[in-house]
Each structure stands twice: as C-alpha cells, then as structure tokens.
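K.L.:
Okay, here's the prediction I keep looking at, along with the sequence it came from:
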Amino acid sequence: MAIGIDDQAYLGKGYGTEAIRLVLGYAFSHGLHRVSLRVLSSNSRAIACYRKCGFAEEGREREAAFVGGAWQDDIIMGLLDREFDPL
Ligand SMILES: CC(C)(COP(=O)(O)OP(=O)(O)OC[C@H]1O[C@@H](n2cnc3c(N)ncnc32)[C@H](O)[C@@H]1OP(=O)(O)O)[C@@H](O)C(=O)NCCC(=O)NCCS
C-alpha cells in the first residue's frame, strides 16, 4: 500500500488514517490476507498514522534510500486480516 496527501494544508488532520482504514476495510472484506508498506524511518507522522491503523513494524532495510543527500533506513510494516480493527 502507498498513500500521499498532496496538499500540506491537509496533513495531520486525520484524513490519512480515515482513508487507510477505508482501504483496509475494503481489502480485507474482499479476501486479502495481509497488507504491507514501506516508509522512511524519518517519516514520524506517517509511521504514527500507520501504527494507529494497526500496522506493526516487521523489518528495516538499512540505508536503503538516498534522500536529501543522506542515506535513510526504510521501515517495512504489515497488517494481517485478523489484526484489523474497523472500529
Ligand atoms: C502519511 C500521511 C498519508 C498520513 O496522513 P495524515 O492525515 O497526515 O495523518 P493523520 O492525521 O491521520 O495521523 C497522523 C498522526 O501522526 C501524528 N503526527 C503528526 N505530525 C507528527 C510528527 N511530526 N511526528 C510524529 N507524529 C506526528 C498525529 O498527531 C497523528 O496521530 P494522533 O491522531 O494519534 O494524534 C500524510 O501525512 C501524507 O500524505 N504525508 C506526505 C506524504 C507521505 O509521507 N506519504 C507516506 C509515504 S510512506
């Protein structure tokens, strides 16, 4: 899964969490067993959002992305159908 809200004015207002939960509800109700994603380790807001949606950290690819002149780790996160809480 990948997501990006293009307009900075709409970041951190809960829209990402709401959109992801809708996608997950659709995915799991249509038979998917797991959903996974990767995120830069510096992206604290995205990681907080993914955790809120139920994703768990499953791994870390060390210095896998060259961003802004420096190497950064990529975090791999995943969520299983039985772990999803639609609220
Ligand atoms: C990642 C993204 C989709 C999340 O959507 P969002 O609407 O911004 O996130 P939400 O408001 O639903 O949730 C963000 C959470 O992080 C927290 N947060 C906000 N800024 C933060 C920061 N700088 N550091 C840590 N946590 C932060 C918020 O408090 C919120 O948690 P809470 O509801 O428990 O308080 C969105 O921020 C985005 O599109 N970012 C730019 C592109 C991007 O990074 N895409 C992901 C690539 S993997």
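P.N.:
Structure received.
K.L.:
neighbours around Val39, how many?
P.N.:
20 (other C-beta atoms under 10 Å). For every residue, glycine as well, the C-beta is placed using N, CA and C.
K.L.:
State the distance from it to Tyr50.
P.N.:
7 Å (C-beta to C-beta, to the nearest Å).
K.L.:
overlap in contacts of those two?
P.N.:
Common neighbours of Val39 and Tyr50, counting by C-beta atoms under 8 Å, 6 or more residues apart in numbering, are Met77.
K.L.:
ok, longest helix in the protein?
P.N.:
Longest helix in the chain by number of residues (criterion: DSSP state H): helix 15-29.
K.L.:
Tell me the spatial nearest neighbour of whatever residue of the chain ends up closest to the ligand, not counting adjacent residues.
P.N.:
Proximity of the chain to the ligand (C-beta to the nearest ligand atom) peaks at Gly16, 1.8 Å away. Using C-beta to C-beta, 6 or more residues apart in numbering and skipping residues adjacent in sequence, the residue nearest Gly16 is Cys49, 4.8 Å away.
K.L.:
same check, this time on Trp71
P.N.:
Glu63 (3.7 Å).
K.L.:
which phi and psi does Ser42 have?
P.N.:
phi -80, psi -10 (degrees, to the nearest 10).
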